[in-house]
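Enquirer: structure here, sequence nowhere to be found:
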Ligand SMILES: NC(=O)C1=CN([C@@H]2O[C@H](COP(=O)(O)OP(=O)(O)OC[C@H]3O[C@@H](n4cnc5c(N)ncnc54)[C@H](OP(=O)(O)O)[C@@H]3O)[C@@H](O)[C@H]2O)C=CC1
Ligand SMILES: O=C(O)CCC(=O)C(=O)O
């Protein structure tokens, strides 16, 4: 048995009840066998098993009172996965499906994604099995305050810097930061990112993940000499990432045919009216099927995964993990898809990735193509430390540069190690080597 096989077997055994986490580890490790073979020092320091064990996992009770006066208890988590390259960094997710396996996979992925950005940040993820859907503003505030009352002692601008993810947007970040400030009696603005601009947020953070996804996609299309303009796209989800993916796609001349939420998807034969969608989802907080009220030509189809049956040139999965399974991938290929560009974290199952690649579909791996959000979070941290503020245009230029560098670094690594143009392998290799080097230089911790 090789060192790699032995390490994976041990990791599977130690995390037997965590399928998403095992999936994420196997995806990274399956790309780096050639790297390990060339660096015997990594084997002797057992880097693979060390990397797959979080530095710290915090699990806590979050009690709060709902509008009926009942005391509800949720479970909160923070996985401080790897701090070798800088303070722990990564979002909070509030969703009923949150559990240890999901947060460990997200924290593991975040460590590598953050290394790809080139910024000095480690990897973390956290959240709670709290469902913000249908909750009043004051319930959300009370939940956030209770969550932060435990969480604050584990955070700090040089310790651990959270941000948003599914179910955590600008409103929740405000309540979380407010409670942190109250408990610390200090305006440590660099303790959390995704803040509103009036109290230390960065221009461009809201747009960064979606815009960055398009900058990365453009770099890949340019390299392959394929025109982006005139293509038809399908975007799953209709949250932060999906909406700003749609905005930049429109700017690049792409027509968005369908978007979804967890209930189903809307298809508009005229192309989705992006401004109306932003108004509906960001301002009115409506469900996606309400889009039909002002767009009678559009159709609503129930079932979240059905969106992958819509014919398109580019699929942008921007909702959640494992949303493109093998069956969805087969439908996309049958409909002539050219590229799958990942906005969500680990949205494509391992067998679907293989199927897409075997059928010549271009694939952008999430840890590279959705790194725009955390990149601009790091830029927000810099502005907070310097007590300065950049313009939207300055931030957007930095974002474009970072995404192009990630593309270039991933492609070069794939070629260097004999993986051709495989960006999945390239992104895994670059980030693995960066994290491994930082760990090796700091001893056997
Ligand atoms: N925000 C960021 O900066 C970044 C986010 N990501 C990733 O992008 C993805 C989307 O995040 P974001 O846009 O911030 O989240 P939001 O909460 O803003 O939006 C999530 C969207 O996805 C849908 N969705 C969520 N969970 C499920 C599910 N289990 N099944 C089906 N649909 C679901 C939601 O539908 P509904 O409203 O019906 O629940 C909603 O439309 C996540 O994978 C996240 O980890 C990655 C990098 C950065
Ligand atoms: O901005 C951040 O710190 C993290 C964003 C995030 O959660 C992600 O990249 O998945």
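Expert: Perfect, thanks for sending it. All values reported here derive from a predicted model rather than from experimental measurement. Ligands and ions are numbered 1, 2, ... in the order given.
Enquirer: show me what the closest residue in space to residue 289 that isn't next to it in sequence is bridged to.
Expert: Distance criterion Cβ to Cβ, 6 or more residues apart in numbering; nearest residue to residue 289, sequence neighbours excluded, is residue 300 at 4.4 Å. To be clear about C-beta, it is placed using only N, CA and C from the backbone, and glycine gets the same treatment. Here residue 300 sits in beta bridges with residue 266, going by DSSP bridges.
Enquirer: residue 292 is in contact with residue 300, correct?
Expert: Yes: with contact taken as Cβ atoms under 8 Å, residue 300 and residue 292 are classed as touching, separated by 5.6 Å.
Enquirer: quick check: neighbours shared by those two?
Expert: Shared between the contact lists of residue 300 and residue 292 (criterion: Cβ atoms under 8 Å, 6 or more residues apart in numbering) are residues residue 266.
Enquirer: for the residue of the chain at minimum distance from ligand 1, the count of nearby residues, please.
Expert: Per Cβ to the nearest ligand atom, residue 239 is where the chain lies closest to ligand 1, at 1.7 Å. Here the neighbour count serves as a burial measure; for residue 239 (other Cβ atoms under 10 Å) it reads 21.
Enquirer: can you pull the contacts of it?
Expert: Neighbour list for residue 239: 166, 281, 318-319 [criterion: Cβ under 8 Å, 6+ apart].
Enquirer: can you pull the buried residues of stretch 94-103?
Expert: Buried residues in stretch 94-103, counting neighbours by 16 or more other Cβ atoms under 10 Å, are found at 94-95, 98, 100-103.
Enquirer: typed the wrong thing, it's stretch 261-269
Expert: Of the residues in stretch 261-269, those scored as buried under the neighbour-count criterion (16+ other Cβ under 10 Å) are 261, 264-268.
Enquirer: from residue 352, how far off is the closest residue to residue 362 other than its chain neighbours?
Expert: Distance criterion Cβ to Cβ, 6+ apart; nearest residue to residue 362, sequence neighbours excluded, is residue 339 at 4.0 Å. Per Cβ to Cβ, to the nearest Å, residue 339 is found 14 Å from residue 352.
Enquirer: swap in residue 150?
Expert: Following Cβ to Cβ, the distance that separates residue 150 from residue 352 is 38 Å.
Enquirer: tell me the residues of the stretch 301-445 of the chain that contact ligand 2?
Expert: Counting by Cβ under 6 Å from any ligand atom, the stretch 301-445 of the chain comes close to ligand 2 at 345, 373-374, 377.
Enquirer: how does it look with 8 Å?
Expert: Within the stretch 301-445 of the chain, the positions adjacent to ligand 2 are 345, 370-371, 373-374, 376-378 by Cβ under 8 Å from any ligand atom.
Enquirer: of those residues, list those near ligand 1.
Expert: Filtering those for neighbours of ligand 1 using Cβ under 8 Å from any ligand atom leaves 345, 370-371, 373-374, 377.
Enquirer: among those residues, who's most crowded?
Expert: Greatest neighbour count in these, by other Cβ under 10 Å, goes to residue 371: 32 neighbours.
Enquirer: list the contacts for that residue?
Expert: By Cβ under 8 Å, 6+ apart, the contact list for residue 371 reads 113-114, 116-117, 212, 402-403, 406.
Enquirer: any idea of the pLDDT on it?
Expert: Each residue has a pLDDT score; the one for residue 371 is 98.
Enquirer: please apply the same query to residue 1.
Expert: Note for residue 1: predicted pLDDT of 89.
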